[in-house]
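J.: sequence? don't have it. structure:
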């Protein structure tokens, strides 16, 4: 282990170091300081582990701008586990002792279907117009197809319009672009736990902060389920932010929810939208898992299906093929908004977030093939998700581990609080690292801004043999926890990478 | 790259077949609008400086940005007004500048009105701002959102019109011919054929999964090999120093973010590619300080627009004295728009200069394979045996120009600086390339045999031919130009067609080209300090070039006529 200079170690995981931030942006420095002091228990080394901060602090940072150093910090720290995994990926034949990734939310169950579909001859067309500068909002043929697709699968009361569609290279870019054009010197509300990468997406270019609406695992009062989002909680969080001088410009909703797997009912959705309308907040609804509802898919309602949206000019819907079509590497995301100014403003940024014309063509072909989607892909995908989910849920029950599971998404939100010697994020991180040492990568609650230590997200959308091995490794750690817990030197697996990186810099 | 330009107003009504040659009837209201716009801008600038001065005092109490927002709104309103005027949505107001009389000239059959409508609809799909609510709606955007929209609308208006109304030899002979956008259209046949081959169509699971955000390792390795070969690098380049993003604009944008804080500056020999202005204003908010080069040849300036270290030194000194924090230098080699190819000596001098002052050098070599004059040798900065300051030298390349696949969205950063690699990779999420596209690019770059024996020879000979054709035409018209043997464009001097020689007149001439459905890009876009220079792209099919040069000739003839009348008028007044 190493120690860090005191002032650097104060930085919370999701908002970068206070000193650098203040250099970076005088306007927001104060807000950040406040945010930091609100979460004093979040310390940099806990979060980013062995490799990040020393590499950053010890090297010659004079080459980077102050904001560049903060930006680099994200790279060095935020995805440590992800990169460790990439260096030592499990492979049945070549690397059977490699890391099994149950941390990254990817659907690896339907690659066979997808690769067959994407290899069909209709996908292989190359036309000169696809090789030239495009309409930056996305080729018209694709926007038309997206509008048709969303009209059908979101069950919109009226056909959606291609002019309200903007196509970008993934939802990350969309978050970034929306943050940039909707918010300045302000923040978005987001119910926590949430998909943590959004922090980086809205920060890098947008310099927008997230204000958490913390949800509890305990069911009390009006809540009907753990981690229930209510309008009261939204109101409270907004009030608090306002009282601290943070200007809140919007609300981010993820539906189906990541990492909870929650699905909002139409009534709930409407309540949240009404709340936003009352306070003139933009609502960004991330529906990237909308077709991955494998238990009672009909229960799911897209925001686009609602008759008479409370504030259509401030409601912006995102969708992508990353999850629902298991193609996170394809980098295709789309925005639907009735607000033409928002569409134009986002399109203005598309020069920087465009995707290849050939890929746009393939996406249009894919989305228009409703027969394949309805008759082949979705039934098979749902059946496989269901089976994988049933297996992992069964394993967890056998281990006596409580979990939340609502039949949507690729993950189960697992309660490992009883395996922590103390209820701290440090203990959570240690447990996370023990999993990694035992060659299974999970995501810990802290990366989702969960306020209770001990929750983990476990991804089940993987092939049966990997899943079995992964669960076996999880079980080993949990059952043998007492021995490993005594042994803090379990940084072995990290060392090669971090040393390597430090030497490089 | 698509070229940003000023607010350019093309009246859509000029689409009648006869109308091609006719003078823009809208020019007058447009001129008025322009003047109004300039007046308001000037006023805003004054306001802004006043605000800045005021802001110096009460820094902490600025919760209301009302004045700023008002300015932005006002600016936005202006743009919309201009839009309104040009979109023809002003019928009801009696402002319709192109009366139906003009449209009658069209011979498209059927109702003229319908024809005119349908011809303009594709030009601005969905973005006709004739919605009375726009002003209200735009209050939904943040101030920078408004700025971004406005600057985009201003910069890419021509581009949007072009996208909706492209010239086609059979289907749309009255469409725009775009010699303004630097796009290589000479080898689309070769590229289409190559990309259709079966080796391109491989789907593997890694291609569909989350990638390494600095680029798939197989692609970074291929890029390193490719650059080692084509940049004639003494030692093998390291794939770990490569970051691939979706386009060179993205690479530049991320570099500006991680090397510079807002308000800090880069020196930029000028004229230079206008996309940098757009990029630097968008996200990174850095300043580009022009190092103006002169067209006139003098003892100190043996060659028109010659870059010298003296000029860099002077510009740096002046900027520093003015209190600016200069962090680096931007070089484009081969240069855009001049077509200059820097000698090895000049390159090394520039790098030495940068090292003396601890400046970063961003060097954009996106045209490196587009040197078609055999007597000219391109020296990549990567070919230099020992770089003066490798940690501050960052090279950009992409396939958009050299392979004519701008729609592929692929840009490369090569830097020895690991910190910069990491910091730029943080943006991988936001500028990622599809795995499928990464695979195709890898196959393309790998196929050195095809590149060397098929692609490059054909490409260069077509460039030569197109260049010969255009220069011949220019000579016949007596138009001075720079003849430098690289790039997709020629830098031409149309000063004799401006009277007086001002940027206003330059803009008007630009409009006259647009009225005739010809897009060029004007010097102002490249921050050129002398009015009257234009960049004309020649990397297009012979047929289109011929048609374009015909339109070009017509506009200049009319312009000559106009100037003659003007002179006669003024002499007769005397």
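T.: That came through fine. Note that this is a predicted model, so its numbers are computed, not measured.
J.: residue contacts, the residue of the stretch 201-350 of chain B at minimum distance from chain A?
T.: Per C-beta to the nearest C-beta, residue B:258 is where the stretch 201-350 of chain B lies closest to chain A, at 3.3 Å. (C-beta placed from N, C-alpha, C; glycine too.) For residue B:258, the contacting residues are A:64-65, A:67-68, A:71-72, B:420, B:423-424, by C-beta atoms under 8 Å, 6 or more residues apart in numbering or on different chains.
J.: go with 10 Å
T.: Counting by C-beta atoms under 10 Å, 6 or more residues apart in numbering or on different chains, residue B:258 touches A:63-65, A:67-72, B:284, B:394, B:417, B:419-424, B:426-427.
J.: Do you know the pLDDT at residue A:481?
T.: Reported pLDDT at residue A:481 in the predicted model: 50.
J.: partner strands of the host helix or strand of residue B:328, parallel or antiparallel?
T.: Per DSSP states H and E: residue B:328 is located in strand B:326-332. With DSSP bridges as the test, strand B:326-332 is paired with strand B:265-270 (parallel), strand B:360-364 (parallel).
J.: Packed most tightly, which of the ones you listed would that be?
T.: Looking across the strands paired with strand B:326-332 with neighbours counted as mean count of other C-beta atoms under 10 Å in any protein chain shown, the highest average goes to strand B:360-364: a mean of 24.
J.: So what's the gap between that one and the chain middle?
T.: Centre-to-centre, strand B:360-364 and its host chain are 18 Å apart (C-alpha atoms, centre = their mean, to the nearest Å).
J.: now do stretch A:371-382
T.: From the chain centre to the centre of stretch A:371-382 is a distance of 25 Å (C-alpha atoms, centre = their mean).
J.: buried stuff in it?
T.: Neighbour counts using 16 or more other C-beta atoms under 10 Å in any protein chain shown place A:373, A:377-378, A:381-382 of stretch A:371-382 among the buried residues.
J.: now the end-to-end length of that stretch.
T.: 16 Å (C-alpha to C-alpha, to the nearest Å).
J.: if we can go back for a sec, who are the packing partners of the helix or strand following the strand holding residue B:328?
T.: Once the chain leaves strand B:326-332, the next helix or strand it forms, by DSSP H and E, is helix B:344-356. Packing partners of helix B:344-356 (3 or more C-beta pairs under 10 Å, 6 or more residues apart in numbering or on different chains; DSSP states H and E): strand B:265-270, helix B:309-321, strand B:326-332, strand B:360-364, strand B:393-398.
J.: Turn these into a markdown table, including mean pLDDT.
T.: Below are these laid out as a markdown table (pLDDT from 0 to 100):
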| stretch | mean pLDDT |
| --- | --- |
| strand B:265-270 | 98 |
| helix B:309-321 | 97 |
| strand B:326-332 | 98 |
| strand B:360-364 | 98 |
| strand B:393-398 | 98 |
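J.: now whichever strand or helix holds residue B:463, how far from the centre of its chain.
T.: Using DSSP H and E, residue B:463 falls within helix B:456-477. With C-alpha atoms, centre = their mean as the basis, helix B:456-477 stands 21 Å off its chain's centre.
J.: what packs against that helix?
T.: Helices and strands touching helix B:456-477, by 3+ C-beta pairs under 10 Å, 6+ apart, are helix B:188-196, strand B:489-493, strand B:533-537, helix B:542-573.
J.: Can you name the residues that contact residue B:381?
T.: For residue B:381, the contacting residues are B:231, B:233, B:331, B:333, B:342, B:344, B:347-348, B:350-351, B:361, B:363, B:365, B:387, B:393-395, B:414, by C-beta under 10 Å, 6+ apart.
J.: I'd guessed residue B:462 sits against residue B:545; true?
T.: No. Counting by C-beta atoms under 10 Å, residue B:462 sits too far from residue B:545 to count as a contact (11.1 Å).
J.: Next, show the common contact partners of the two.
T.: residue B:539.
J.: who's more crowded, these two?
T.: Set side by side, residue B:462 and residue B:545 show more neighbours around residue B:545, with 22 against 19, by other C-beta atoms under 10 Å in any protein chain shown.
J.: Correct me if wrong: the more buried one contacts residue B:538.
T.: Yes. Checked against C-beta under 10 Å, the pair residue B:545 and residue B:538 is within contact range at 6.4 Å.
J.: pLDDT below threshold where in the stretch 351-500 of chain A?
T.: When residues are selected by pLDDT under 70, those of the stretch 351-500 of chain A lie in A:481-500.
J.: redo that, cut-off 90
T.: Low-confidence segments of the stretch 351-500 of chain A (pLDDT under 90): A:405-406, A:480-500.
J.: That one: helices as residue ranges?
T.: In the stretch 351-500 of chain A, the helices defined using DSSP state H, counting those that start in this stretch lie at A:357-368, A:370-371, A:378-398, A:425-437, A:464-479, A:481-485, A:495-504.
J.: and those helices as a markdown table, adding distance to residue B:401?
T.: Below are the helices of the stretch 351-500 of chain A laid out as a markdown table (distance: least, C-beta to C-beta, whole Å):
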| stretch | distance to residue B:401 |
| --- | --- |
| helix A:357-368 | 16 |
| helix A:370-371 | 39 |
| helix A:378-398 | 41 |
| helix A:425-437 | 44 |
| helix A:464-479 | 44 |
| helix A:481-485 | 56 |
| helix A:495-504 | 32 |
